[in-house]
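# One predicted model, sequence on top.
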Amino acid sequence: MEAIRRVTLRSAVCCFVLGSLAFASPLWSADLTIPKTFVSGTPATASDVNQNFSATATAVNSKQNLVTGTCPAGQAVRTVNADGTVVCETSLNSRLTSVEKTPYIFSEFFQGGVTETAAECTNWDTFRANLQPAEYTCVQLVGSAGKGRTTCDAPNVQLIATALRDGTTASVISGSDTWNVGTCGSGIEINANAGVCACTTAPTLRPCISNTNWGGVGGGTTCGGASQSIQLIFR
């Protein structure tokens, strides 16, 4: 009976060794540690063999299942779950568009104490007419005299761009800023945190006002402001 027992245990050990070799690829060997080592000529007990099999099962079961999920065209895998299913990135196209898209910029140098030129006003009107509101997720009003304000809130940015393009009145709250668009003088103004057609220190751009109060970004008042470059950037 003892001989039969030893033969049975040795057969189990052989099966275990062969099974261990089957998992000897780099994918498994990094986490699999065999708790019991058997020496030739020494009987193996059932508890030792079972402990090794238990360690193998734990290591195998903790591994990531093969990826079985897929994502439709225009999306990408964002997360792989433990059971092999996936979570898809649904906003991939808009993110790539935002990253790759060339910014649309109005940029002019305004001279302090001097009325804006006809060319500057024409450039402003052309810029507004060619705005594509649905494409933008960020807007920046910046200048050489100060950093200005930036908002990256796609729905609100699109509202601002639409009002600017159409020459309509709008007041859009985005975070801590209120962006305003409206008529001032003979043209359209945009500002962040100021009344339309007001003399303040808030970032303001109004290239068609027909006097020296064309606005400014930092560096003092927006009426009769110091010489500076002003940019309005949509991304």
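Yep, that arrived.
# In this protein, where is pLDDT below threshold?
Scanning the chain for pLDDT under 70 picks out 1-31, 62-65, 91-100.
# At which residues are the helices of it located?
2-22, 26-29, 46-61, 92-100, 118-129, 154-166 (DSSP state H).
# doesn't G224 make contact with G112?
Yes. Assessed by Cβ atoms under 8 Å, G112 is found in contact with G224 at 7.2 Å. Where you see a C-beta, it was placed from the backbone N, CA and C, and this is true even at glycine.
# Need the overlap of contacts for these two.
T212 (Cβ atoms under 8 Å, 6 or more residues apart in numbering).
# tell me the domain boundaries of this protein?
Listed domain ranges for the chain are 2-61, 64-100, 101-234 (source: automatic domain parsing).
# Which of the ones you listed has the highest mean neighbour count?
The highest average neighbour count among the domains of the chain, using mean count of other Cβ atoms under 10 Å, belongs to domain 101-234 at a mean of 18.
# Now do that one: distance from first to last residue.
One end of domain 101-234 to the other measures 10 Å (Cα to Cα, to the nearest Å).
# And stretch 131-146, by the same measure?
25 Å.
# and if you look at stretch 121-140?
Across its full length, stretch 121-140 reaches 19 Å between end residues, using Cα to Cα.
# outside of that stretch, which residues touch it?
Stretch 121-140 is contacted by residues 94, 97-98, 101, 104, 106, 108, 148-154, 157-162, 164-165, 167, 179, 187-188, 207-208, 231-235 when judged by Cβ under 8 Å, 6+ apart.
# and what of stretch 171-183?
Applying Cβ under 8 Å, 6+ apart, the contact partners of stretch 171-183 are 139, 149, 151, 153, 156-157, 159-160, 163-164, 167-170, 188-197.
# how about a cut-off of 6 Å?
149, 151, 153, 156, 159-160, 163-164, 169-170, 190-193, 196 (Cβ atoms under 6 Å, 6 or more residues apart in numbering).
# Check the gap between I209 and Q140 for me.
Separation of I209 from Q140 (Cβ to Cβ, to the nearest Å) stands at 21 Å.
# cool, and D153?
Distance, D153 to Q140, using Cβ to Cβ: 13 Å.
# and what of R149?
7 Å.
# Ok, N130 next?
Going from N130 to Q140 by Cβ to Cβ gives 18 Å.
# same thing with A134?
The gap separating A134 from Q140 is 18 Å, by Cβ to Cβ.
# ditto for L164
L164 is 13 Å from Q140, by Cβ to Cβ.
# Next: N193.
14 Å.
# what do you get for V39?
Distance from V39 to Q140, by Cβ to Cβ: 74 Å.
# now G195
To Q140, G195 is 21 Å away according to Cβ to Cβ.
# Which residue, neighbours along the chain excluded, lies closest to C71?
The shortest distance from C71 to any non-neighbouring residue, by Cβ to Cβ, 6 or more residues apart in numbering, is to C88 (3.9 Å).
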